[in-house]
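Q: have a look; sequence and predicted model below, questions after that.
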Amino acid sequence: MTSQGRRVAVTGIGIVSPLGLTKKTSWDNLIQGKSGIAPIQQFDASGFPTQIAAEVKNFTVPKPLLKSDRYRTRFTHFALMAAKEALQDANCMPTPQTAKRWGVVVGSGMMTAEFEYLQRFQQAAAKDGSPNWQDLAKANFCDIKDFGKTTSNAGLSLLIQSFGIKGYATSVHTACASSGQALGLALNVIRRNEADCILAGGFDSMINPLGLSSFCLLGALSTANETPSAASRPFDAKRNGFVLGEGAAFLILESFEHANKRGAKIYAEFAGEGNSLSAYRITDSHPDGFGAIEAIENALRDANLSPNDVDYINAHGTSTLMNDLSETNAIKAVFGREAYNIPTSSTKSQTGHLIAAAGALEAAFSVLSLQNAILPPTANLTNKDPACDLDFIVEGPRAKAIKVALSNSFGFGGSNSCLAFIHKDLRGSDA
Amino acid sequence: MHKRVFITGLGCLSASGANLAENWQALINGRVNTKKISAWDLSTWPTQLGGELQDFNPAKILPDKKLMKAISWQDAMGLVAAQEAIEHSEIINFRNNCQDPKAFNQKTGVFVGSPGNKYLQQYDFLPLLAKTGQDVKAFARELFTEVHPMWLLRILPNNVLAYTGILFGFQGANHNVANHAVSGMQALIEAYYAIQSGIIDRAVVVAYDLGIDPQAMYYYAKLGLLTNSEIAPFDANHSGTILANGAAALILENQASVQERAIKPAAEFLAGKASTEGESLFGLAKEPTLLEELIQELLSNNKVYPLDLSFIIAHGNGSKGSDLTEAKCLTNLFSEYNFLVSSFKWSMGHTLAASGLMDTVLACKALTTKVLPGIATLKTIHACANKLNLSNKPQTLTNGKVALILNRGFASMNAGVLIKAYEE
């Protein structure tokens, strides 16, 4: 027991990402330096300024098993697949006897309706471009399946039903910080003894004409259509925007007491989280790193760590001009001269930006870095930006045994998350 | 170590009024403010009722006049409610004159219950779709001339959280819960725990929703959840709910912050809990076993006994499924006690993500005034609720000091909080 409450272990991981449909393939491809970014296949993107993305590949829609499966979308399919893998990996499933002590916390995406649905609505009830409610009433448009797919907590509900969870459940959304914050919230729910085990993570896909449009309008995406695998280049002097990704990642978080009792395999201790609000601008991070600084400091404090303890940082590293500068300055502000000695990488260079799912995917990679003693690289950092001059692991994956890893996520709107994971042996296994 | 947490500012915006005072008067006077929707032509629809805000002009209220260009109308509701609660608590004056305003801001969190996105927000793409049909290439080509470049920023589900920080300078821990109708109450519970853990000293808690989204109403009607008369929870003729627009906000503070500011809180926040029944997205369990267990755990874990209760604010949304299981739950647990049971949605409608927080704000008012509004639309008590102490008139509170507020939502979510009349 720590001053914050019960200690929390990571005992299962599940991943569906642009690098693979499982934890193993995603990790192996990450370490092998493969890129998940390619020309968009799901629809004809040739008219958009950005025509590339990091799509989940070779994905087939599983057979519906439950009545509720009719409410699934592409991104909730990802969630169910990743969650199932995480539960199997943990070798622990909710049962009717334990269901109330199981929770689920998700960071979910912001898309209400899929593009195909909006097209159908337009044809049924907005023929001239503005909704006509009399037409809608006449059109026999209603299918509750559509409502189920477009309700804000539909993904949460699918996870609850699919795995028989009857305890704490919530869905949070703070843009790109969503699933980082979801994991932090889940940590605190176990600490305060409201659950023994939590399925925690995130899922998202904005790779559809509507999602792509929204970011193209903002000019936030890389337009390096001719060189997709080099388009996401965090901290590089020639970075020119991020690349949309999609997928899901889930961790099984479990109190040490519960994990020890059942002899669970423990990947790492989830030791702390930092959460802050920049209160600066809706899209831009503060150039000096304010907001991010507080999130990192809060995570260290929460985990009872000092800056000198940190061995690796999985950066938010989006490949946008301002985020990467701001994050670099935040790391310098927290760690001082030591910042230059802490290996730091952005796995978005290979996975693209999974938006609401990014924090969970990168938390999973951070935990796997602790377990495997290998640090993933920052791909495509070939032109040094004098303002982004930390040790960004540019040479390829680095073999290094580490004890403490941080994972950063910063969202539009200024919500920030930093998660602290420590090696399972660092503090022993006492609950 | 357990910290006492207090409620020090309140804000409320609904069809029943532009602020807390007006909402309170509507409840006390038994005024029903759900009516035929005027914003949209729904004249051929079987259900046409809603709780619309009257004369809502956020540009005149919000501190930054240009803000309406950057946010949606639903965000504006949340920010207006937040502003009322912040002004009521007087924390800005205190912050501006304290020794370390930066530290104050960093120890002030923002917790929001948000509806997620709305169908309405995507209608900016309809003219483009009408023009380009199924041709995605043409859609992409015309995109920049048809849709505002800042479209995404106007519809961010965490805009109220972001702008509460930007407008007022708060920089502490935060969450934006998007969990249908329990969003606001879960935001409140998480704010409480964040204060308990010591990472923040106080929090602005906001919840808002735009229930009157015709496309969503269309589905609610098809699910059989809407009435075309009035919300009459626990009445023999209850026939459904009425969706509404609205927002609520409150300020939570730890004891040290309250003492430092030398203010008298509105109430004390004791505890909260939320969990799922594990049923379907739109359904609730037929038996209220898990709702009963949630309430029992909430009371016993916090050493609150039934005799401590002054009243219960039920979710009471008027729909058969929820009303009947809720009444059964309260009867099973409390029929031998005589405390009052009421609900508030009959007046302003069901504000979905905002409803749990709005009920908590209004319950605070009941504790401070020692008057509990009745359910004005209650004519004949349903047989399932005839052992509950329900009334259609305001009642004077004489016994107990604690209020239990219940909240339910899609994904078979249940939530409850306990608040207590302020005592030093």
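A: Perfect, thanks for sending it.

Q: for the closest residue to residue B:77 other than its chain neighbours, which three-state class applies?
A: For residue B:77, ignoring the flanking residues on the chain, the nearest one in space by Cβ to Cβ, 6 or more residues apart in numbering or on different chains is residue B:247 at 4.1 Å. The C-beta positions use only the backbone N, C-alpha and C, and glycine is treated the same way. Three-state assignment for residue B:247 (DSSP: H, G, I helix; E, B strand; the rest coil): strand.

Q: what sits opposite residue B:247 in the beta ladder?
A: Beta-bridge partners for residue B:247, by DSSP bridges, are residue B:13, residue B:208.

Q: run a quick neighbour tally on it.
A: 32 (other Cβ atoms under 10 Å in any protein chain shown).

Q: same check on residue A:427?
A: Residues lying near residue A:427 (other Cβ under 10 Å) number 15.

Q: before we move on, what about residue A:429?
A: Using other Cβ under 10 Å, residue A:429 has 13 neighbouring residues.

Q: who's in contact with it?
A: Listed by Cβ atoms under 8 Å, 6 or more residues apart in numbering or on different chains, the contact set of residue A:429 reads A:256, A:260, A:266.

Q: mind doing that once more with 6 Å?
A: residue A:260 (Cβ atoms under 6 Å, 6 or more residues apart in numbering or on different chains).

Q: my read is it is in a helix, agree?
A: No. Counting by three-state DSSP, residue A:429 is not part of a helix but coil.

Q: contacting residues around the nearest residue to residue A:279 once chain neighbours are set aside?
A: Once flanking residues are discounted, residue A:279 sits nearest to residue B:165: 3.5 Å by Cβ to Cβ, 6+ apart. The contact partners of residue B:165, by Cβ under 6 Å, 6+ apart, come to A:277, A:279, A:414, B:110.

Q: leaving out sequence neighbours, find the closest residue to the residue of the stretch 51-200 of chain A found nearest chain B.
A: With Cβ to the nearest Cβ as the measure, residue A:152 is the residue of the stretch 51-200 of chain A nearest to chain B, at 2.9 Å. Among residues not flanking residue A:152 along the chain, residue B:116 sits closest, at 2.9 Å (Cβ to Cβ, 6+ apart).

Q: do you know how far that neighbour is from residue A:357?
A: According to Cβ to Cβ, to the nearest Å, residue B:116 and residue A:357 sit 16 Å apart.

Q: who in the stretch 151-300 of chain A is up against chain B?
A: A:152-154, A:156-157, A:160, A:166-175, A:209, A:213-214, A:217-218, A:275, A:277, A:279, A:282 (Cβ under 6 Å from any Cβ of the partner chain).

Q: picking that back up, report the contact partners of the residue nearest to residue B:77.
A: Contacts of residue B:247 by Cβ under 6 Å, 6+ apart are B:13, B:77, B:78, B:81, B:208, B:354.

Q: hang on, the second one in a helix?
A: Yes. Note on residue B:77: a helix contains this position according to three-state DSSP.

Q: what's the spacing between residue A:362 and chain B?
A: Distance, residue A:362 to chain B, using Cβ to the nearest Cβ, to the nearest Å: 19 Å.

Q: same thing with residue A:408?
A: Taking Cβ to the nearest Cβ, one finds residue A:408 at 16 Å from chain B.

Q: for residue B:236, grab the count of nearby residues.
A: Residues lying near residue B:236 (other Cβ under 10 Å) number 14.

Q: to clarify, my last question referred to residue A:404.
A: Counted by other Cβ under 10 Å, the residues lying close to residue A:404 total 26.

Q: spit out the contact partners of it.
A: For residue A:404, the contacting residues are A:309, A:310, A:311, A:422, by Cβ under 6 Å, 6+ apart.

Q: contacting residues for the last one?
A: In other words, residue A:422. Neighbours of residue A:422 in contact, by Cβ under 6 Å, 6+ apart: A:269, A:271, A:404.

Q: out of the residues you listed, who's nearest chain B?
A: residue A:271 (14.5 Å).

Q: number of nearby residues for that closest one?
A: Around residue A:271 there are 23 other residues, counting by other Cβ under 10 Å.

Q: then residue A:97?
A: When neighbours are defined as other Cβ under 10 Å, residue A:97 has 7 of them.

Q: quick one: it and residue A:197, what's the gap?
A: For residue A:97, the distance to residue A:197 - Cβ to Cβ - is 13 Å.

Q: do residue A:67 as well
A: In terms of Cβ to Cβ, residue A:67 sits 26 Å off from residue A:197.

Q: picking up where we left off before, the residue of the stretch 51-200 of chain A closest to chain B and residue B:179 touch, don't they?
A: No. Assessed by Cβ atoms under 6 Å, residue A:152 is found out of contact with residue B:179, at 7.4 Å.

Q: do me a favour and average the pLDDT over stretch B:232-245.
A: The average pLDDT within stretch B:232-245 is 97.

Q: now do the buried residues in that stretch.
A: B:232, B:233, B:234, B:235, B:238, B:239, B:240, B:241, B:242, B:243, B:244, B:245 (16 or more other Cβ atoms under 10 Å in any protein chain shown).

Q: name the nearest residue to the second one, ignoring sequence neighbours.
A: Right, residue B:233. Nearest residue to residue B:233, sequence neighbours excluded (Cβ to Cβ, 6+ apart): residue B:316, at 3.3 Å.

Q: so who does the residue lying closest to residue B:41 once chain neighbours are set aside touch?
A: What sits nearest to residue B:41 in space, not counting adjacent residues and going by Cβ to Cβ, 6+ apart, is residue A:133, at 5.9 Å. Residue A:133 sits next to B:40, B:41, B:42, B:214 when contact means Cβ under 6 Å, 6+ apart.

Q: can you report phi and psi for residue A:133?
A: phi -70, psi -20 (degrees, to the nearest 10).

Q: any idea what the closest residue to residue A:361 other than its chain neighbours is bridged to?
A: Distances taken as Cβ to Cβ, 6+ apart put residue A:249 closest to residue A:361, at 4.1 Å, once the chain neighbours are dropped. Note on residue A:249: beta-bridge partners residue A:15, residue A:202, judged by DSSP bridges.

Q: which single one of the contacts of residue B:247 is nearest to residue B:338?
A: Using Cβ to Cβ, residue B:354 comes nearest to residue B:338 of the contacts of residue B:247, at 30.8 Å.
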